[in-house]
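>>> this one's structure only:
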């Protein structure tokens, strides 16, 4: 038995949260989120992802200033963030490794939801990824892929989904 909450229930419950309560996220919860990410599938099991954890609100504010207005508000509201980087030394194929990193991030988002946290996958940081990596003193062999903003949710967004039938091209 996996857990009291079924996998599809967690998937359906997860939302992109952009407004957070100003309550710190416990370290053990962040570690569980990273653990979920590291178990994502990757080609040749190369596990190209690397993580940088930020809980410093001042640094989060500086990062927020280097994104777009939409993501700026989310980052400033968050109490923690996890940058996901690709280790260029581990990458063997950009396309395949980007899919793997996407799977890693999805695992992280689902675990955050399962931990009672809100999270948002943010790519607006890529606009200034070199400036942000320099600010964070990240070695050049790591390429920024996304930021996962974290915190306890202070909103309950409703996100409608298209009907499954409308997404199927055809059955053969």
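The structure has been received and is ready for your questions. Owing to the predicted nature of the structure, the values given are computational and were not obtained by experimental measurement. Numbers count the residues shown, from 1 in each chain.
>>> host element of the residue most central in space within the chain?
Nearest to the mean C-alpha position of the chain, by Cα atoms, centre = their mean, lies residue 148 at 3.2 Å. Here residue 148 sits within strand 142-153, counting by DSSP states H and E.
>>> Direction included, what does that strand pair against?
Strand 142-153 sits in its sheet next to strand 20-21 (antiparallel), strand 80-87 (antiparallel), strand 118-122 (antiparallel), going by DSSP bridges.
>>> Tell me where the longest helix sits in the chain.
The helix that spans the most residues within the chain, counting by DSSP state H, is helix 94-114.
>>> Show residues contacting it.
3, 5, 10-11, 13-15, 29, 32-43, 46-49, 82, 84, 86, 90-91, 118-119, 121, 145-146, 148, 150 (Cβ atoms under 8 Å, 6 or more residues apart in numbering). The C-beta positions use only the backbone N, C-alpha and C, and glycine is treated the same way.
>>> Swap in 6 Å and give it another go.
With contacts defined as Cβ atoms under 6 Å, 6 or more residues apart in numbering, helix 94-114 is touched by 10, 13-14, 32-33, 36-37, 40-43, 48-49, 84, 91, 119, 121, 145-146, 148.
>>> In ChimeraX, select just the buried ones from those.
To isolate the buried subset of the contacts of helix 94-114 in ChimeraX, counting by 16 or more other Cβ atoms under 10 Å, use the following:
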select :10,14,32,33,36,37,40,42,48,49,84,91,119,145,146,148
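>>> Among the contacts of helix 94-114, which ones are in helices?
Residues of the contacts of helix 94-114 located in helices (DSSP H): 10, 13, 32-33, 36-37.
>>> now, the most widely separated pair of the residues you listed?
Spanning the widest gap among the ones in helices among the contacts of helix 94-114 are 13 and 37, at 18.6 Å by Cβ to Cβ.
>>> looking at the sheet around the residue nearest to the centre of the chain, what are its partners?
Applying DSSP bridges to residue 148 yields these beta-bridge partners: residue 82, residue 121.
>>> you'd agree it is up against residue 119?
Yes: counting by Cβ atoms under 6 Å, residue 148 touches residue 119, with 5.5 Å between them.
>>> dump the residue contacts of residue 77.
Residue 77 makes contact with 19-20 under the criterion Cβ under 6 Å, 6+ apart.
>>> any idea of the pLDDT on it?
Residue 77 carries a pLDDT value of 98.
>>> go on, residue 2?
pLDDT at residue 2 comes out at 53.
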